[in-house]
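>>> Fold the following.
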Amino acid sequence: MIKRIKEAVWSVLDQDGDIQSTVFDTSIIILILINTAAVIVSSFSVFAADHVTGLYRLELVSVIIFSIEYFMRLWTADRKYPNSKYPYIKYVFSALAIIDLVAILPFYIPFVTGIDLRFLRILRLFRMFRIFKLGRYNESMAIIGRVLKKEKEKLITTIVLTVIMIFVASSLMYYVENPAQPEIFTNIIETTWWSIATFTTIWYGDVYPITVAGKILGGIISLLGIMLIALPSGIICSGFMTELEHKKNVCPHCGKEIE
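Residues are numbered from 1 along each chain as shown. This next block holds a predicted model:
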């Protein structure tokens with residue numbers, strides 16, 4: 001009896017195509033969007049003050065539903081990972097399960113600890129993580145996740161290269177500009193703010209070089225920044241093209257590649 005119930009629950013949670021699963025997925029998506037909208041509108045103090053009760057009730061109902069969903073997924077983890085020796089542990093540490101847990105924990109922490117400190121209210125910001133739960137129910141967001149996973153090594157390499165370039169640029173600019181502007185380019189760490197703003201082409205204008213060497217160096221760094229910022233975009237775009245091309249060659253019914 002319990003085995004049949006578990007099979008039915010797992011079918012609704014993780015199987016696609018049937019009416020029950022479609023209704024469940026659609027309902028969760030709507031609830032996630034409503035909660036995300038609630039987080040946004042609650043940042044308006046006037047609205048939040050006038051709708052305290054309503055926002056709390058929405059939070060309570062949502063947390064109950066998300067909690068039931070989390071524990072149901074945990075309960076059926078052995079069906080999701082039938083070949084795993086520790087399916088429940090594997091599920092708990094999966095990316096989507098962590099997002100689910102982070103989305104509901106801020107509501108429970110004050111009750112469990114009994115602490116009502118003001119800094120705990122910042123944990124409510126973690127409710128925004130619920131928007132990432134859409135990845136489980138939306139194919140487009142699932143594609144984004146697959147692309148990032150496949151291209152993670154290239155993206156990490158690009159990020160590491162960017163960090164190194166920012167450090168080198170900060171060091172060079174410090175030694176060039178510090179004699180002329182010691183109160184602004186006080187040390188390499190302080191100069192890092194200028195490097196980040198320049199590499200990302202934001203350039204607020206609050207810190208800038210005044211020496212000839214500094215201006216030349218700043219121009220070179222700006223050009224390098226444009227190229228470095230373009231690298232992740234190119235990697236992700238290439239990944240999307242590969243993923244979409246692969247999807248065209250996969251049968252939507254059996255999931256096998258079409259010869």
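>>> Walk me through the domains of this protein.
Here the domain assignment for the chain is 2-137, 152-248, based on automatic domain parsing.
>>> These into TSV, with extra columns for distance to residue 145?
All C-beta spots, glycine's among them, are computed from the backbone N, C-alpha and C. What follows is the domains of the chain, written out as TSV (distance: least, Cβ to Cβ, whole Å):
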stretch	distance to residue 145
domain 2-137	5
domain 152-248	10
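>>> which ones are touching residue 47?
residue 41 (Cβ atoms under 8 Å, 6 or more residues apart in numbering).
>>> Please tell me how far it sits from residue 39.
According to Cβ to Cβ, to the nearest Å, residue 47 and residue 39 sit 12 Å apart.
>>> which of the domains of the chain has the lowest average pLDDT?
The weakest mean pLDDT among these belongs to domain 2-137, with a mean of 79.
>>> quick one: residue 181 from residue 36, how far?
Noted for residue 181: a distance of 44 Å to residue 36, by Cβ to Cβ.
>>> With residue 226 instead?
If you go by Cβ to Cβ, the gap between residue 226 and residue 36 works out to 34 Å.
>>> Who has more neighbours out of the two?
A direct count of neighbours by other Cβ atoms under 10 Å for residue 226 and residue 36 places residue 36 higher, at 16 against 12.
>>> moving C-terminal of whichever strand or helix holds the more buried one, what's the next helix or strand?
Using DSSP states H and E, residue 36 maps to helix 19-41. Next helix or strand after helix 19-41 toward the C-terminus (DSSP H and E): helix 45-50.
>>> Show me what the next helix or strand after that following helix is packed against.
Downstream of helix 45-50, the first helix or strand assigned by DSSP H and E is helix 52-75. Here helix 52-75 is seen to pack against helix 2-14, helix 19-41, helix 87-92, helix 95-113 when contacts are counted using 3 or more Cβ pairs under 8 Å, 6 or more residues apart in numbering; DSSP states H and E.
>>> buried sites along the last one?
By neighbour count, with 16 or more other Cβ atoms under 10 Å as the criterion, the buried positions of helix 95-113 are 97, 99, 100, 101, 102, 103, 104, 106, 107.
>>> where's it relative to the chain centroid, distance-wise?
Distance of helix 95-113 from its chain centroid, counting by Cα atoms, centre = their mean, to the nearest Å, is 16 Å.
>>> Ok, the first one next?
Shown here is helix 2-14, whose average C-alpha point lies 29 Å from the average C-alpha point of the whole chain (Cα atoms, centre = their mean).
>>> Keeping just the C-alphas, turn it into PDB.
Taking C-alpha atoms only, helix 2-14 is exported to PDB below (Å, rounded to 0.1, in the frame of the first residue of the first chain):
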ATOM      1  CA  ILE A   2       2.700   2.500   1.000                       C
ATOM      2  CA  LYS A   3       4.800   1.500  -2.000                       C
ATOM      3  CA  ARG A   4       1.900   2.300  -4.300                       C
ATOM      4  CA  ILE A   5       1.300   5.600  -2.600                       C
ATOM      5  CA  LYS A   6       5.000   6.500  -3.000                       C
ATOM      6  CA  GLU A   7       4.900   5.500  -6.600                       C
ATOM      7  CA  ALA A   8       1.900   7.700  -7.200                       C
ATOM      8  CA  VAL A   9       3.500  10.700  -5.400                       C
ATOM      9  CA  TRP A  10       6.700  10.300  -7.300                       C
ATOM     10  CA  SER A  11       4.800  10.100 -10.600                       C
ATOM     11  CA  VAL A  12       3.100  13.500  -9.800                       C
ATOM     12  CA  LEU A  13       6.400  15.100  -8.700                       C
ATOM     13  CA  ASP A  14       8.800  13.900 -11.300                       C
END
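>>> report the angle between the axes of it and helix 19-41?
Angle of helix 2-14 versus helix 19-41, following axes from the mean of the first three to the mean of the last three Cα atoms, to 10 degrees, is 50 degrees.
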